[in-house]
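Trainee: give the three-dimensional model of this entry:
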Amino acid sequence: MLLNKILSTLLLVVYLVSDSSQNKSYGQQRKILNEPVPQGYFMFPIMPGQSNGLAGGFGDLRTNHFHAGLDIRTGGVEGYNVYACADGYVSRIGIQTGGYGNALYITHPNGYTTLYGHLLRYNDVITEYIRKKQYSQQTWAMDITLQPNELIVRKGDIIALSGNTGASGGPHLHFEIRDAAENAVNPLLFGFNEIQDTQAPSIDRVYLKTLESDSRINGKFGKFSYSPIRRGGELTLSNPVNVTGSIGIEVLAFDRSNNSPFRQGLKEIEVRMDGVTTYKLDLNKMPFDISKDINVHIDYAEAETFGQKIQKCYVADGNRLSIYETDSNRGKLVIRDNQPHRIDIIANDIKGNTTLMNFILQGNNNPNTNLAIPKSKGVTSINTSISDNILIIKAKNINEENPNAIIQYKGVPQTVPLAYCEGGECLFIHDLQKGLADFVQVGEATQYLRIKKAVLPDGDTFYEERNLSIDFSNALYQPLYLTTNQNGTNLSINSEKIPLKGFIDITWNPNVAVKSPKTSMYYVNDGRKFLGGTWTNEGIKFKTKELGDFQIITDYEAPSIRPVTINENEIRFGISDNLSGIKHFRCEVNGQWVLMNYEYKAGRIWSEKLRESDIFTGDIKLVVTDNVGNEAVYEGNIEEMKAALEAQKVKKSKKRGSKYVKSKSKKGGRSTATKSKKSKRKRR
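Mentor: Residues are numbered from 1 along each chain as shown. Take a look at the predicted model:
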């Protein structure tokens, strides 16, 4: 034991000396470790040696990213000791409203970095280091990169307490292990016995999707869902499925671990056709920089519409992730014969639990297509939709003598033959890569598609029309069949069901009377999200990484400030904003800046002194500013405010419902005046 400690110390010293002398970034110093990960090197970061459970696993399918670590449960409470997993040094500290909240990064001599997120607070040494930085820079939010000799830790040191800060839905510890190339590595590969998993993965549903215009599944075009049944020890489908053309398999699948009711990500999904692997997902590690490509790994439209994250067992166009092994067709099943093909799906978790499924895809190169046109019962009507690159036209009550659709683009017509009929409808299917369409006609029924342009990822990505220009450079996964609509203060660009891999730049000159710094762009598909923007002679310029609906809104209302505690030892306020959101806040006592911690989910800020011996006395001023520059100001004398707040509490305890703060309306927002001689609150 003593020898191990001596060797560990020598290794750490050598590492720190060499690390500081090279003056290179972490990612530059070491190559990617290809050897197996070390077993027993790291200790579990919270409640080590005790059985625990996960609220989230590595590779979970999250909004816009794969989950890059473990969410370790803490029983719904904060304040558990968080331990350094191994010797090393604190290489980065982050404090922010969203993301990991209070986060700590420790770099270790073996080239790995461990990350601890959503922390309640740091230990005293780290806290003092951070607090000095915050006071010197007069800011609460921090992202500090440290040198190897600044904050050294030893394995087993208490570095923090677990919490619920940042974008956390409840108390837990977020824990990651990253390699030297900044890839996230599954922590369970390192042999943590605190997490047990004896449960096999679940395959809830299987989906088959036609990927080309001439593909068919049981004679039809589209995406079809199948419920697995158990036969013997494996899952299967009740009947063979007839297919032809290029077919994609998708699955709704997940894993579970012991001591946890939550669905978690899978380590591995493999698909074989006739015993040959066509697709294999391997989530032992993943890159951070393109994690957003999860949006083409899943059925993004399904996730946006129904919240179901269905995984594609093929690599879609534009997907840059390096977590797959596929055949030459990138996992797409190409069947153009009349033979039966056995499909195997193997789902594995990190602990070696496996679920097997097999079924038959029956090749049917000459599908029995129903071309019998239903008897007309009225006026012809049509409905159109676009799935990937395919235009689907559904028509009712068509003329038997002319059973074709006519599409046009800029006046040039093209005939689309009848594909098949079902359920009283006739379907016409057209590949837009073979010809655009902005107008459809079936019989006497017509419809304008309003496709302005086919924007190709590697082609001309700039579009312009009257009062509007859009630059899609480096933002598209797949061709976008662009539609736009300008209507007063509202702008629509395609649908929120189409993912982007990066920001697009938009300049729009709407017909609005007010064009001021307080008038900004908001994304309004799901509530209202502030996007901002800058007004120029050409209109408002803004960026977005989502398609859908946008609106110009003017915000004259200042944030709200509510005093909670004001005394010589502590200052607490509640702050909120109803529209553009809080951008920053500043608190001063007698003109000196005071550090205020911020929990945005609860809308709370509270003081932290530079020195414990400091006393808050004299005049206080708090300024809260929203994203368009509206300010709320609360100022007064601390002793008088303390007395007033204490009196208010006494009143409330005696008579429920009595109010100390009165509100009155005025142009540009509410003004709240505090009942104190010198204290006052104003908005500007």
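Trainee: can we go C-alpha only for contacts and neighbour counts from here?
Mentor: Noted.
Trainee: wait, isn't Ser520 in contact with Phe550?
Mentor: No: look at Ser520 against Phe550 with CA atoms under 8 Å: they stay out of range, at 10.3 Å.
Trainee: in contact with Val379, which residues?
Mentor: Residues near Val379 by CA atoms under 8 Å, 6 or more residues apart in numbering: Asn397.
Trainee: per-residue confidence at it?
Mentor: Per-residue confidence (pLDDT) for Val379: 89.
Trainee: what does the one 3 residues further on give?
Mentor: Confidence per residue is given as pLDDT, and for Ile382 that number is 94.
Trainee: tell me the contacts of it?
Mentor: The contact partners of Ile382, by CA under 8 Å, 6+ apart, come to Ile393, Lys394, Ala395, Lys396, Val442, Ala445, Thr446, Gln447.
Trainee: could those residues be laid out in TSV, adding pLDDT, distance to Leu235 and neighbour count?
Mentor: Listed next are those as TSV, based on pLDDT from 0 to 100; distance: CA to CA, whole Å; neighbours: other CA atoms under 10 Å:
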residue	pLDDT	distance to Leu235	neighbour count
Ile393	96	36	23
Lys394	95	35	19
Ala395	94	38	23
Lys396	92	39	24
Val442	94	44	25
Ala445	93	47	17
Thr446	94	47	17
Gln447	95	45	15
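Trainee: where do the strands sit along the stretch 201-350 of the chain?
Mentor: Taking DSSP state E, counting those that start in this stretch as the test, the strands found in the stretch 201-350 of the chain are 202-210, 216-217, 223-226, 229-231, 234-236, 241-254, 268-273, 276-282, 285-287, 311-312, 324-326, 333-335, 340-348.
Trainee: before we move on, back to that, state the pair within the contacts of Ile382 that is farthest apart.
Mentor: Lys396 and Gln447 (13.7 Å; CA to CA).
Trainee: for the helix or strand hosting Leu161, packing partners?
Mentor: Assigned by DSSP states H and E, Leu161 belongs to strand 158-162. If you count contacts as 3 or more CA pairs under 8 Å, 6 or more residues apart in numbering; DSSP states H and E, strand 158-162 packs onto strand 81-83, strand 119-122.
Trainee: okay, the strands of the stretch 201-350 of the chain in CSV with mean neighbour count, distance to Arg73 and mean pLDDT next?
Mentor: Output for these, formatted as CSV (neighbours: other CA atoms under 10 Å; distance: least, CA to CA, whole Å; pLDDT from 0 to 100):
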stretch, mean neighbour count, distance to Arg73, mean pLDDT
strand 202-210, 19, 22, 97
strand 216-217, 24, 44, 96
strand 223-226, 14, 34, 98
strand 229-231, 12, 33, 94
strand 234-236, 18, 32, 95
strand 241-254, 22, 19, 97
strand 268-273, 21, 24, 98
strand 276-282, 20, 25, 97
strand 285-287, 21, 22, 89
strand 311-312, 23, 26, 98
strand 324-326, 18, 30, 96
strand 333-335, 20, 41, 98
strand 340-348, 20, 23, 98
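Trainee: turn the ones you listed into a markdown table, including distance to Ile407.
Mentor: Formatted as a markdown table, these follow (distance: least, CA to CA, whole Å):
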| stretch | distance to Ile407 |
| --- | --- |
| strand 202-210 | 22 |
| strand 216-217 | 22 |
| strand 223-226 | 24 |
| strand 229-231 | 43 |
| strand 234-236 | 42 |
| strand 241-254 | 24 |
| strand 268-273 | 38 |
| strand 276-282 | 37 |
| strand 285-287 | 43 |
| strand 311-312 | 31 |
| strand 324-326 | 37 |
| strand 333-335 | 29 |
| strand 340-348 | 37 |
